[in-house]
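1. Got a predicted structure plus its sequence, pasted below:
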Amino acid sequence: KCLRQNSGGALVDLGIINDQGVQIHYAGPYQLKNANYGQTTWFKDMRNQSAYISDVFHGFRDFPHFIVAVSGQWAGSTWFLKATVDFDKFNSLVENTRIGETGWAFILNRKGEFQTKTHTKPDVDREPYVRFLNSEGVTDNNDTVVVHSESMGAGQIRVMSRLKGGDWVLAFEQDEPEAYTG
């Protein structure tokens, strides 16, 4: 309870997971002690990493969230500390980044899948963002790019910056006429 309050509700729970994927200690609102994550995609992906952030998924809780985990050695075994981040709380940080009527922010992964809600403009052209994330020869994962494009006859400004080691893009779009007014 204290963890959720001190994080503004963004952190749902914490768990300690053994090298077989069994959560042996759990602090949170669900009955997930002894949950076995051994065959889950995120556990398999993070096993050989010292730090890991998953994409948004539903999992055992059946609501959107993502995992932040770190690993370490203790008593000859590998252990994982996993925190669950509430999608709605995380999303509100991005979703509330609006400028004017047409400016909005969102996050996509390398596959072009939204990692934030899309209620304002779900028909966004994802291809430029996926191309940006998958561009070769880029070594700085924190670079930011501003692009002018023509979209349905109207100019548009796109701002892109890599997150999560280059696996996600934080994007902002706004119609050009509105961007340059005021």
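-> Nice, thanks for sending it over. Numbering: from 1, shown residues only.
2. pLDDT weak spots in this protein?
-> In the predicted model of the chain, residues 1-8, 96-97, 118-122, 136-144, 148-154, 182 satisfy pLDDT under 70.
3. what do you get if the cut-off is 80, keeping everything else the same?
-> Where the chain drops to pLDDT under 80, the residues are 1-9, 60-61, 93-99, 118-124, 136-154, 180-182.
4. And the helices in this protein?
-> 2-6, 41-46, 87-95, 127-133, 176-179 (DSSP state H).
5. okay, those in TSV with distance to G15 next?
-> For glycine as for every other residue, the C-beta is placed from the backbone atoms N, C-alpha and C. Listed next are the helices of the chain as TSV, based on distance: least, CB to CB, whole Å:
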stretch	distance to G15
helix 2-6	12
helix 41-46	11
helix 87-95	18
helix 127-133	29
helix 176-179	44
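6. can you tell which of those is closest to Q156?
-> The closest of the helices of the chain to Q156 is helix 176-179. By CB to CB, the value is 5.8 Å.
7. about what we covered before: of the helices of the chain, which is nearest E101?
-> Between the helices of the chain, helix 176-179 lies closest to E101; by CB to CB that is 6.5 Å.
8. Perfect, I'm done here.
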